[in-house]
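A.B. asks: Below are the sequence and a predicted model for it; my questions follow.
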Amino acid sequence: MTSAIRQIPLDTAVHHHAHDFHQIVIGLRGQAEFEIEGLGGSISALSGCIVPANHVHYYAGTGDNHQLILDLPEDALSLTGHQHELVRLFDAPRFFSLDAPLERYLDFMIHELGLLSQQGRLSALQQERLATTLLGSLHARLAQEPPSRGRHLDLAALDRFIDRHLGAPLRVADLAAEACLSETHFTARFRDQTGLSPWQYVLRRRLDTSERLLRESHLPLSEIAALTGFANQSAFSRAFRRAFGHPPSRLRSAPSRSLGAPALHD
């Protein structure tokens, strides 16, 4: 999946879901309400929110509304390579407002997207370039390097908690509560200690367990996906292929082959 930028109104009925890609929503007109893993807020023109991957979020538009939405997979060009630090924007959900320079860049983005679409020249690479500039500007304004102090997290206890709830829609808030920390402090301390965001770490546990089940059982892929917390077999297969470079069916057909540790990009 490549990054995608779209402009849509949000339904005025309340909906909720989670997805395996990051998302940024910026209001262009009207208002919308979001609740992301318990963090609630409103979006109006020139304000927005950050929705990290695999975070359950509720949302609803209010009246006549229009939003700019960026869908960003973990392997997007704007989040990898020289831009890999930008993924830290998605360590935790948050709301933000655009300052004057970002307002001008948003106007440019919208104009450029419209012009390229009319000319039939809007490509995935051009969308990645527009997204990268926006993410870099947001990162410069929002990123905060929390001090790494305080007691170390008990990763063994967290592993046991994750494994007990692997088939459930685990939230960062659940892990933070288990560690008796606020979500913000937990996320910062977790990254300092592991080098991964909590959702990346949980994904690795899911993938490790799914690999073991593929080797040691004859369970169908759909059941393994459900047991390891993936929304469906397709989502499981996509995550497995991204991590190991092979579809899960290949491991099932060659059980003696070692695929190594999952490659989780930061």
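C.D. replies: Great, that's in hand.
A.B. asks: So for S182, what's the pLDDT?
C.D. replies: S182 is assigned 77 on the pLDDT scale.
A.B. asks: Spatially nearest residue to it (excluding sequence neighbours)?
C.D. replies: Nearest non-adjacent residue to S182, counting by Cβ to Cβ, 6 or more residues apart in numbering: A176, 6.4 Å away. C-betas here are computed from N, CA, C, even on glycine.
A.B. asks: next one: I43
C.D. replies: In this structure, I43 finds its nearest non-sequential neighbour in G27, 4.2 Å apart by Cβ to Cβ, 6+ apart.
A.B. asks: Name the SS class of the residue nearest to S182, please.
C.D. replies: Secondary structure, DSSP: H, G, I helix; E, B strand; the rest coil: A176 is helix.
A.B. asks: Tell me, how many residues neighbour it?
C.D. replies: Residues lying near A176 (other Cβ atoms under 10 Å) number 21.
A.B. asks: ditto for the one 10 residues further on
C.D. replies: When neighbours are defined as other Cβ under 10 Å, F186 has 22 of them.
A.B. asks: So it is in contact with V172, correct?
C.D. replies: Yes: the pair F186 / V172 is scored as a contact, 7.2 Å apart, by Cβ atoms under 8 Å.
A.B. asks: which neighbours do these two share?
C.D. replies: P198 (Cβ atoms under 8 Å, 6 or more residues apart in numbering).
A.B. asks: R242 versus the residue nearest the centre of the chain, what's the distance?
C.D. replies: For the chain, the residue sitting closest to the mean C-alpha position, by Cα atoms, centre = their mean, is A53 at 2.0 Å. With distances taken as Cβ to Cβ, to the nearest Å, A53 is found 12 Å from R242.
A.B. asks: Ok, A13 next?
C.D. replies: Taking Cβ to Cβ, one finds A13 at 33 Å from R242.
A.B. asks: where along the stretch 1-150 of the chain do the strands fall?
C.D. replies: For the stretch 1-150 of the chain, applying DSSP state E, counting those that start in this stretch gives strands covering 4-8, 15-17, 22-36, 39-44, 47-51, 57-72, 94-97.
A.B. asks: Report pLDDT for D154.
C.D. replies: At D154, the model reports a pLDDT of 90.
A.B. asks: count of neighbours near the nearest residue to it once chain neighbours are set aside?
C.D. replies: Excluding the flanking residues, the one nearest D154 by Cβ to Cβ, 6+ apart is A179, at 7.4 Å. Neighbours of A179 under the rule other Cβ under 10 Å: 19.
A.B. asks: contacting residues around A179?
C.D. replies: Contacts for A179 (Cβ under 8 Å, 6+ apart) come out as L153, D154, L158, F186.
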